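**Q** Next come a sequence and a model predicted from it.
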Amino acid sequence: MTAEQTAARAPSAARPLTIAIAVLAVVGIGIAGYLTYVHFEDIEPVCTTGGCAKVQASEYSELAGVPVATIGLVGYLTVLATLIVPGELGRAATALVALIGAGYSGYLTYLELAVIDAICQWCVASAIVMTLVAILAVVRLLRDPGGGRPAPDGRMGEP
Amino acid sequence: MSSRADEKQRRREERERREQQQAASDTRKQRLWLLGGVAVAAIAVVAVLALVSGGDDSPDGLGDGSSLNAAAEVDELFAGIPQDGITLGDPDAPITLVEFADLQCPFCAQFARDAIPTLVRDYVRTGDVKMDLRLLTFLGPESMRAAQVTYAAGLQDLAWQYADLFFNNQGQEGSGYVTEEFLREIGEGVDGLDVDAALEQSTSAEVDALIKRSESAAQTLGVSSTPSFFVRRGEGTLEEIQLGELSAEAVGAELDRLLDGDG
């Protein structure tokens, strides 16, 4: 029963971080989904910064023919999927996907500022969301399942 | 006896605590290694993505040359519309709209992207208006080279497609992006164009004469900036359109006025 108890403790202790990541991923899905929609419908996104259409029309808006918005959408969905995978493997996978997403979003934001010379608010919002997901995913990976207490080493709960 | 038992108990607790601390420390180290591995993998993937996404240092708008912007749209826009040299549309159309443009001029590119599709669909395709493209070379040798190849495409009656695709992939003015390779790539994006022939004819006397004709027309009409627009009904004289804004609506209003017979 000890192992079961231990297994039961881990998810519940890590739950606030998992929930926070899931909520952020859903926000990201909303943003990336909207950008994917406007890309395929060929309409201009609602934009207060004035540069969204220019960014969407730039050569960097696609990666090997796939809109980066769609890649972002897949990224957020993958983050959500990895949250279901239990144990260290799942937490590492979440961190890996989120770090790739945050790194690539950072690169795209650099391109907006330095090369395309236009800012797309939706893209920046997505970059911020993905960065937050990455930070939380790294904390979740480093933190013990017991919420900072020493890791259960198999003897926990023994008399 | 009791104190010996206590001491034994204390030592055992101490040992267990040390073992727990050691285990926790091992776990932390293991996770830091794991994080390091994850971070390295993430950096590698991002680097590959950045390379694939066309982030080379070439100043043109084509990136790695694998993706021309809007080639399919341009093809679709002009499909089936008669073209003769620099003229697009029904030769018997009652109204002629003449655009003076420089292929490197950003406002011309903006007009090509934002207004030309509407004008072509609503006025040219309907047979009401034909459009002449007069290329100028205000912005230097790159504009000249681009105009030469566009006019050479015009010899194959594909000048409008070439110019429109050029505008859709326009780079930074005067940055050196108008290379022979760039001109060839644009040509390859134009459906039906014999690119080799166009490049060869681009330095021909015929093309040179077309460019000179545009320049002298611009001089006669007093064109000092691009894009500039002129209209005429039938074989009448060209009159300049003064536009409050560069939009299909603004040009369309002038065309409607002429079509209604107010001009």
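**A** Yep, it's here.
**Q** Just the pLDDT for B:A253.
**A** Model confidence at B:A253, given as pLDDT, is 92.
**Q** how near is it to B:R10?
**A** According to C-beta to C-beta, to the nearest Å, B:A253 and B:R10 sit 96 Å apart. Bear in mind the C-beta positions are built from the backbone N, C-alpha and C, glycine included.
**Q** For the two, work out which one has more neighbours and name it.
**A** Per other C-beta atoms under 10 Å in any protein chain shown, whichever of B:A253 and B:R10 has more neighbours is B:A253, with 13 against 10.
**Q** Is stretch B:38-46 positioned near chain A?
**A** Yes. Using C-beta under 8 Å from any C-beta of the partner chain, stretch B:38-46 reaches chain A at B:V38, B:A39, B:A41, B:A42, B:I43, B:V45, B:V46.
**Q** tell me the contacts of the second one?
**A** I take that to be B:A39. By C-beta atoms under 8 Å, 6 or more residues apart in numbering or on different chains, the residues touching B:A39 are A:L99.
**Q** again, but for the third one
**A** Listed by C-beta under 8 Å, 6+ apart, the contact set of B:A41 reads A:L96.
**Q** any idea which helix or strand carries it?
**A** Per DSSP states H and E, B:A41 falls inside helix B:2-52.
**Q** Who are the packing partners of the next helix or strand along the chain from that helix?
**A** Using DSSP H and E, the helix or strand that follows helix B:2-52 towards the C-terminus is helix B:71-78. Helices and strands touching helix B:71-78, as assessed by 3 or more C-beta pairs under 8 Å, 6 or more residues apart in numbering or on different chains; DSSP states H and E, comprise helix B:116-119, helix B:159-168.
**Q** From the chain's centroid, how far away is helix B:71-78?
**A** Mean-position distance between helix B:71-78 and its chain equals 13 Å (C-alpha atoms, centre = their mean, to the nearest Å).
**Q** Of all the helices and strands packed on helix B:71-78, which one is nearest B:R31?
**A** The closest of the helices and strands packed on helix B:71-78 to B:R31 is helix B:159-168. By C-beta to C-beta, the value is 50.0 Å.
**Q** who does the helix or strand bottoming out on mean pLDDT in chain A touch, helix- and strand-wise?
**A** The least trusted helix or strand in chain A, going by mean pLDDT, DSSP states H and E, turns out to be helix A:52-57, with a mean of 72. Where contact means 3+ C-beta pairs under 8 Å, 6+ apart, helix A:52-57 is packed against helix A:2-41, helix A:121-142.
**Q** Which pLDDT value goes with residue 8?
**A** If you meant another chain, say so; for now it's chain A. Predicted confidence (pLDDT) for A:A8: 42.
**Q** Wait, chain B was what I had in mind.
**A** 89.
**Q** what about it, how many neighbours?
**A** Using other C-beta under 10 Å, B:K8 has 10 neighbouring residues.
**Q** for B:P117, same thing?
**A** As a burial measure, B:P117 scores 18 neighbours (other C-beta under 10 Å).
**Q** For it, which non-adjacent residue is closest in space?
**A** For B:P117, ignoring the flanking residues on the chain, the nearest one in space by C-beta to C-beta, 6 or more residues apart in numbering or on different chains is B:L77 at 5.6 Å.
**Q** In contact with that neighbour, which residues?
**A** When contacts are taken as C-beta under 8 Å, 6+ apart, B:L77 is in contact with B:I116, B:P117, B:V120, B:R121, B:D164.
**Q** Could you check how far A:L99 is from A:G33?
**A** Separation of A:L99 from A:G33 (C-beta to C-beta): 22 Å.
**Q** And for B:D90?
**A** According to C-beta to C-beta, B:D90 and A:G33 sit 44 Å apart.
**Q** For B:V231, give me its contacts.
**A** By C-beta under 8 Å, 6+ apart, the contact list for B:V231 reads B:I95, B:T96, B:L97, B:V98, B:L238, B:E239, B:I241, B:E254, B:L255, B:L258, B:G263.
**Q** Same check on B:A163?
**A** Here B:A163 is in contact with B:A101, B:L103, B:A112, B:L133, B:L135, B:T150 (C-beta under 8 Å, 6+ apart).
**Q** Tell me, how many residues neighbour the residue nearest to the second one when sequence neighbours are not counted?
**A** In space, B:L103 comes closest to B:A146 once its chain neighbours are excluded; the distance is 4.0 Å by C-beta to C-beta, 6+ apart. Using other C-beta under 10 Å, B:A146 has 25 other residues around it.
**Q** Local confidence estimate at B:A146?
**A** Per-residue confidence at B:A146 stands at 95 (pLDDT).
**Q** Please apply the same query to B:N69.
**A** For B:N69, the model assigns a pLDDT of 81.
**Q** Now for it, how many residues are close by?
**A** Using other C-beta under 10 Å: B:N69 sits among 22 other residues.
**Q** Looks like it contacts B:N168 (just checking).
**A** Yes. Counting by C-beta atoms under 8 Å, B:N168 is a contact partner of B:N69 at 4.7 Å.
**Q** Turn the helices and strands packed on helix B:71-78 into CSV, including mean pLDDT.
**A** Output for the helices and strands packed on helix B:71-78, formatted as CSV (pLDDT from 0 to 100):
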stretch, mean pLDDT
helix B:116-119, 95
helix B:159-168, 95
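**Q** Single out the most deeply packed of the ones you listed.
**A** helix B:159-168 (a mean of 27; mean count of other C-beta atoms under 10 Å in any protein chain shown).
**Q** Next, the angle from that helix to helix B:71-78.
**A** Helix B:159-168 and helix B:71-78 are oriented at 140 degrees to each other (axes from the mean of the first three to the mean of the last three C-alpha atoms, to 10 degrees).
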